[in-house]
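>>> Please work out how this folds:
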Amino acid sequence: MKFKFHHLNLCTDNLPRLTKFYQRLFELGTIRDEEHTRVNTERSGNGYSGNVDFLTDGAIEFHWAERDVDTGFKMKQFVNPMAKGHYCFRTDDIRGFMRRCDELGIRYADYGKWAIAGWHQVFLTDPDGNVVEIHQPNM
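Next comes the predicted model:
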């Protein structure tokens, strides 16, 4: 099983302000492909109603999202990735990752194919309460 850092997600109460700040400071580009565009246009019951801006430095993605402190409740999951934000690792074996968590006694929230079409997403918290996403695309 391989892992690669994929993105950082920050949640905000003022999406335009946060996006403009990072775009101006670091000259980040906007990701405008079908995969990312669908997040803001297809929200059929996924438990999250906020908008997300997708930026990149050319290698890493940055997902700036409107804060939603109720996403975990709406999804009936104990981890809420949309309250404060999270960072993400991409894997080629999400089922193997979940087995590893089970073996190590690490609790996780299996959101399945939730926010981005085809991405199977799992969220957990580290010992300090930081939310971590692990996902496998093309599922």
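>>> which secondary structure element contains residue 25?
Element membership for residue 25, per DSSP states H and E: helix 15-26.
>>> who's in contact with that helix?
The contact list for helix 15-26 (CB atoms under 8 Å, 6 or more residues apart in numbering) reads 10, 12, 28, 30, 50-51, 53, 55, 57, 62, 64-66. All C-beta atoms are positioned from the backbone trio N, CA, C, and that covers glycine.
>>> neighbouring strands for the lengthiest strand in the chain, and are they parallel or not?
In the chain, with assignment by DSSP state E, the single longest strand is strand 3-12. According to DSSP bridges, strand 3-12 forms sheet pairs with strand 61-66 (parallel), strand 85-91 (antiparallel).
>>> ok, back up a step: go through the contacts of helix 15-26 and name the one nearest residue 83.
Set against residue 83, the nearest of these by CB to CB is residue 65 (10.2 Å).
>>> And the helices in this structure?
In the chain, the helices defined using DSSP state H lie at 15-26, 34-41, 71-74, 94-104.
>>> Out of those helices, which one sits most buried?
helix 71-74 (a mean of 18; mean count of other CB atoms under 10 Å).
>>> is it true that residue 12 touches residue 66?
Yes - contact criterion CB atoms under 8 Å: residue 12 and residue 66 qualify, at 6.7 Å.
>>> remind me which residues of the chain are low pLDDT?
For the chain, applying pLDDT under 70 flags the ranges 42-45.
>>> Please identify the residue most distant from the middle of it.
Relative to the centre of the chain, the most outlying C-alpha is that of residue 103, 24.1 Å out, by CA atoms, centre = their mean.
>>> ok, that one to residue 124 distance?
Per CB to CB, to the nearest Å, residue 103 is found 14 Å from residue 124.
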